[in-house]
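Peer 1: with the sequence up front, the predicted model follows.
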Amino acid sequence: MTGKQAGSTLLEALVVLAIMGIALGIGAMYLRPIESPLKSGATLVEGLCRQARTSAIATTSAYRVRPGTAQMLLAEQAASCSETTWEVDNASKTQLPQGVSVKSTSWAVCFSSRGISTDNQEIHLQHSQFGEIGVEVLLGGTTRVIE
């Protein structure tokens, strides 16, 4: 038989596989599992509390976290936790995900200049579709999610 045989070379097959691998890798970055906004909100609350605690230690002043509204949390700074006037840290305002709100707006968590919380505090978040979740701030300043 004379004539060329149809087919591809090993090099061509490797190039196609490399291109497919790159395309799948890029696509996989956008296909992360869908997480509930309630869990995202709990993560934001934990992060804000940790940031406030770290700021209290770094600046040797008291920092407190409290709700500004049912959907926004504020971090504020003062000389001590017993102060009556607080200065809002505008860089630390945290907006909760859409549909997520704090169950009660009558709480505050204060971290002393040593990063110690004044008391154990449970922060409850709610969402009409996903239910409730809690974030507990412990005396030592650590946080944990309560499901």
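Peer 2: Sure thing, it's come through.

Peer 1: what ranges do the helices span in the protein?
Peer 2: 10-30, 37-59 (DSSP state H).

Peer 1: for the last one, which positions count as buried?
Peer 2: Along helix 37-59, the positions that meet the burial threshold by neighbour count (16 or more other C-beta atoms under 10 Å) are 37-39, 41-42, 44-46, 48-53, 55-57. Quick note: C-beta positions are derived from backbone N, CA and C, even for glycine.

Peer 1: pLDDT of it, averaged?
Peer 2: Averaged across helix 37-59, pLDDT comes to 91.

Peer 1: do the same with the shortest one
Peer 2: In this model, helix 10-30 has an average pLDDT of 83.

Peer 1: from memory residue 126 sits against residue 103, does it?
Peer 2: Yes. Contact criterion C-beta atoms under 8 Å: residue 126 and residue 103 qualify, at 5.1 Å.

Peer 1: and for these two, which residues touch both?
Peer 2: Overlap of the contact sets of residue 126 and residue 103 (by C-beta atoms under 8 Å, 6 or more residues apart in numbering) consists of residue 132.

Peer 1: and those two? Which one has more around it.
Peer 2: For the pair residue 126 and residue 103, the greater number of neighbours falls to residue 126 (18 against 14), based on other C-beta atoms under 10 Å.

Peer 1: tell me what residue 76 is bridged to.
Peer 2: residue 64, residue 88 (DSSP bridges).

Peer 1: report the contact partners of it.
Peer 2: 63-66, 86-89.

Peer 1: what's the separation between it and residue 40?
Peer 2: Shown here: residue 76 relative to residue 40, a distance of 23 Å by C-beta to C-beta, to the nearest Å.

Peer 1: next one: residue 15
Peer 2: From residue 15 to residue 40 the distance is 40 Å (C-beta to C-beta).

Peer 1: if we can go back for a sec, for ChimeraX, what selects the buried ones among the contacts of residue 76?
Peer 2: A single ChimeraX command selects the buried members of the contacts of residue 76 (16+ other C-beta under 10 Å):
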select :63,64,65,66,86,89
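
Peer 1: good, we can wrap up now.
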